[in-house]
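1. Generate a structure from the sequence data that follows.
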Amino acid sequence: MKKLFLGLAIIGGQLVFAQKVVGLEVENNQKKEQPATISKEKVSLYNDNFLKFMGALQASDHKTIDDLLSDKVKEIVTDDILKKVKEGIDPNKKLEVSKVGYYVTMDGANHPNIKYKYAGDSSSKEVVSAVFEEDGKILGIMPGKKDK
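-> Purely as a prediction, here's the structure:
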């Protein structure tokens, strides 16, 4: 009798802890997206707006800054934020375009993005990244971290 209960307990234990095996097949159906490119005219427009913004930032021209900023960020941009951007970029050095691409925001939207570096700098370290709306308004400027 004990052997019968032991045998039933072992079989019952296996049934309790049994796992259902499901066949899973991975399909490589990912579409390879072509890298998004921004036309030279758009890059020129964005670059001009960025340079105007930086000039207005150095001169503390709030009217021009407001004209160049996107309506989405005007309300959250404070003088403190503008001061941090101003301090993060050396006004004595000229900026040149390093990379052009798209920045994906948290809502999943793609926005044009231009990364800048100092002209004549042999290291390809990016100094600042600027994100734009399609019409050329500035959504954000992210200065790179300074080495101490």
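
2. what's downstream of the host helix or strand of L57, the next helix or strand?
-> Secondary-structure element containing L57, defined by DSSP states H and E: helix 40-59. Under the assignment DSSP H and E, the closest C-terminal helix or strand after helix 40-59 is helix 62-68.

3. So which bits of that following helix are buried?
-> I65, L68 (16 or more other CB atoms under 10 Å). Where C-beta positions appear, they are placed from N, C-alpha and C, glycine not excepted.

4. Now do the helix or strand of the chain with the lowest mean pLDDT: everything it contacts.
-> In the chain, no helix or strand scores lower on mean pLDDT, DSSP states H and E than helix 2-16, which sits at a mean of 79. Applying CB atoms under 8 Å, 6 or more residues apart in numbering, helix 2-16 has no contact partners.

5. What distance do you get for L6 to G13?
-> L6 sits 11 Å away from G13, going by CB to CB, to the nearest Å.

6. would you put the C-alpha positions of stretch 89-96 in PDB?
-> Extracted in PDB, the C-alpha atoms of stretch 89-96 (Å, rounded to 0.1, in the frame of the first residue of the first chain):
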ATOM      1  CA  ILE A  89      28.800  76.500 -25.400                       C
ATOM      2  CA  ASP A  90      32.000  78.500 -25.900                       C
ATOM      3  CA  PRO A  91      31.000  81.700 -27.800                       C
ATOM      4  CA  ASN A  92      34.500  82.300 -29.000                       C
ATOM      5  CA  LYS A  93      34.700  79.200 -31.000                       C
ATOM      6  CA  LYS A  94      32.900  78.600 -34.300                       C
ATOM      7  CA  LEU A  95      30.500  75.700 -34.500                       C
ATOM      8  CA  GLU A  96      30.200  73.500 -37.600                       C
END
